[in-house]
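> Using only what follows, build the 3D model:
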Amino acid sequence: MGFCQLVHYSEHCMAESIKLDSLEVKIDGKASNQRPRRFTEVSYEVTIQSSEEDEVVKSLARAAADECYVTGTLKNACKVTGIITHNGRLIDEHH
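Numbers count the residues shown, from 1 in each chain. So this is what the prediction gives:
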């Protein structure tokens with residue numbers, strides 16, 4: 001999921017000339033011990049450093065998450081949430 005989102009971040013940054021100084025994605029998940037084994041919840045945290053405006057980064061993050069095949073697939077199977085931090089400030093939460 002993290003790699004898939006990173007691909008879409010890169011795609012949009014190139015297409016829209018968005019400059020990022022750093023981009024980090026952390027993924028955490030909770031799984032069921034019962035059979036069939038599956039994730040019950042997945043969360044992600046995206047940390048971005050850039051000189052872009054918060055709204056540009058927020059729009060970028062929404063597009064990357066919305067276009068990610070893995071994120072979309074997991075949303076159909078379990079709870080998926082995300083937080084986006086830009087230059088040390090929380091700018092968005094995805095539910």
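> Please enumerate the strands of this structure.
22-31, 39-49, 79-86, 89-94 (DSSP state E).
> What lies in contact with the last one?
Counting by Cβ atoms under 8 Å, 6 or more residues apart in numbering, strand 89-94 makes contact with 54, 57-58, 61-62, 65, 80-85, all of which sit outside it. Every C-beta, even on glycine, is put in place using the N, C-alpha and C of the backbone.
> same deal with stretch 37-50?
1-2, 5, 18-32, 57, 61, 65, 71, 74, 77-87.
> Which of the residues you listed are buried, as a ChimeraX select command?
Selection of buried members from the contacts of stretch 37-50 for ChimeraX, criterion 16 or more other Cβ atoms under 10 Å:
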select :1,2,5,18,20,23,25,57,61,65,71,74,80,82,83,84,85,86
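> Can you give me the distance of the most far-flung residue of the chain relative to its centre to residue 2?
In the chain, counting by Cα atoms, centre = their mean, residue 35 sits farthest out from the average C-alpha position, at 28.2 Å. In this view, residue 35 and residue 2 are 27 Å apart by Cβ to Cβ, to the nearest Å.
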